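Colleague: structure for this input, please:
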Amino acid sequence: MEVREALIQIRHIINDKDELELEDEELLMYLNKAIQYVSSYLIQANSPLIVQDMTVSTETADLPKNYVKTAGGFPVKVTGNTLKWLDYEAGKTLKLRYFATYELVEMDGEMPFHHDALNQQTIQAAAIFALNQVEADISQDKAILDEINAALANVIGGAVMEQ
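Modeller: Residues are numbered from 1 along each chain as shown. Take a look at the predicted model:
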C-alpha cells in the first residue's frame, strides 16, 4: 500500500476530504507516529513480523539505528549503541536476530508493513492522533485504541498490550 493512499484513507476517517483541517505533512507526521506505535506493539508482543538479522564478524560492532533488543538468547553484551560478542573467535561469524523499529515513511513511499491488516490498524491509529490534534471529541479514543490493540493481537496472534 502506498503512503498517499493511506493519507487519503486517514482523511476519510477524520472527515477532512477537502483538506481544510490538516496539511498532508501533518497527516504524514501522525502516520509515522502510528507506525512507531504499531512497531512498539509488535516488539512488546515479541512478534516475528518485526525481527531483522545482522551478521557480526568482529568482537565489537555498532548496532543499527533501528535496533531495539535481541530476539532470542545470544552470547552478546549491549552497551549503548555497541554490541560486544562475548565468545568471539577470529574468523567466525554470528547471525544476530533483533527486534527493529520501522523507518519513517515519506510521502512517495510505501507503507512499511507487508500485512494489510497491520497497515489498516496503523491508519486507524494515525486518524486518532489526527483527530486529537483538531480537538474533535476523542472521549472514545481509549476504547478505540483498546480495539486497535486487540485487532493487532489477532493479526499477530499475541497477547494484548497493556496500556
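Colleague: so which bits of stretch 27-40 are buried?
Modeller: For stretch 27-40, burial by neighbour count (16 or more other Cβ atoms under 10 Å) applies to 27-32, 34-35, 37-39. In short, each C-beta sits where N, CA and C put it, glycine included.
Colleague: neighbouring contacts of that stretch?
Modeller: 3, 6-7, 10-11, 50, 101-102, 104-107, 112-113, 118, 121-123, 125-127, 129-130, 133, 152 (Cβ atoms under 8 Å, 6 or more residues apart in numbering).
Colleague: for this protein, which helix is longest?
Modeller: The helix spanning the most residues in the chain, taking DSSP state H as the definition, is helix 24-44.
Colleague: chain center to it: distance?
Modeller: 6 Å (Cα atoms, centre = their mean, to the nearest Å).
Colleague: tell me the strands beside the helix or strand that it is followed by, with direction?
Modeller: Next helix or strand after helix 24-44 toward the C-terminus (DSSP states H and E): strand 51-56. Partners of strand 51-56 in the sheet, by DSSP bridges, are strand 94-100 (antiparallel).
Colleague: list the buried ones in the strand it pairs with?
Modeller: For strand 94-100, using 16+ other Cβ under 10 Å, the buried residues are 94, 96, 98-100.
Colleague: and the contacts of stretch 27-40, which are buried?
Modeller: Using 16+ other Cβ under 10 Å, the buried ones in the contacts of stretch 27-40 are 3, 6-7, 10-11, 50, 101-102, 105, 112-113, 118, 121-123, 125-127, 129-130, 133, 152.
Colleague: which residue ranges of this structure form strands?
Modeller: Taking DSSP state E as the test, the strands found in the chain are 51-56, 60-62, 67-70, 76-79, 82-85, 94-100.
Colleague: what residues does the shortest one touch?
Modeller: Residues external to strand 60-62 that are found in contact with it (Cβ under 8 Å, 6+ apart): 54, 81-85.
Colleague: most neighbours of all the residues you listed, which one?
Modeller: residue 83 (24 neighbours; other Cβ atoms under 10 Å).
Colleague: how far away is that one from residue 99?
Modeller: Using Cβ to Cβ, to the nearest Å, we find residue 83 at a distance of 14 Å from residue 99.
Colleague: can you check the pLDDT for the residue most central in space within the chain?
Modeller: What sits nearest the mean C-alpha location of the chain, by Cα atoms, centre = their mean, is residue 39, with 2.3 Å. Residue 39 is assigned 93 on the pLDDT scale.
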